[in-house]
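Undergrad: with the sequence up front, the predicted model follows.
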Amino acid sequence: MIQYHRPPFLRYDEEGVNGFVANTLRTKKEKLNHPLVDFSRAIVRFSNGSCGLTVERSIFGYSIYTTGIYAVEPRDGKLSSSARGGSIGRLQIHPQLMKYAGFLFADLVAAMQREAKQLSRISSIEFHDKEVIFAAPR
């Protein structure tokens, strides 16, 4: 009898991930607020093969939304991402330009550094419609 040893999988849906992100960023909100620009919330969306991150910020009470769409994979013990596109409000940004738009999310990435470090230990990550699947390290 042949036995296959497969690593255990963890499935999370968008609702659970967004709840975790909101709870994590609630305590770090003062690090995300800048003069005249207040952080409101971050929303994660999953689709086949990509992950979208939308950040809502408020300038003088008006909401501004910035979105980045990325393909994420673990590589050499770190999470590696490649830009698939994005937008500022309704203005679409080409994937080639999104490579240089990391400053839009730099403070959010810095605030979530501890969580990203924990995720870097996974052996694989798969994005499907409204869910993400992680494989535990071998």
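TA: Right, received. Where do you want to start?
Undergrad: quick one: residues contacting the closest residue to His128 other than its chain neighbours.
TA: For His128, ignoring the flanking residues on the chain, the nearest one in space by Cβ to Cβ, 6 or more residues apart in numbering is Asn48 at 5.9 Å. (C-beta placed from N, C-alpha, C; glycine too.) Counting by Cβ atoms under 8 Å, 6 or more residues apart in numbering, Asn48 makes contact with 127-129.
Undergrad: cross the residues you listed against strands and list the overlap.
TA: Among those, the ones falling in strands (DSSP state E) are 127-128.
Undergrad: thought Arg45 was touching Gly52?
TA: Yes - in terms of Cβ atoms under 8 Å, Arg45 counts as a neighbour of Gly52; the distance is 4.0 Å.
Undergrad: would you mind measuring from the residue nearest to His128 to Asn33?
TA: Per Cβ to Cβ, to the nearest Å, Asn48 is found 35 Å from Asn33.
Undergrad: report the secondary structure state of Phe67.
TA: Wrong residue type there; residue 67 is Thr, not Phe. Going by DSSP: H, G, I helix; E, B strand; the rest coil, the secondary structure assigned to Thr67 is strand.
Undergrad: that one touches Gly86, doesn't it?
TA: Yes - under the criterion of Cβ under 8 Å, Thr67 makes contact with Gly86 at 5.3 Å.
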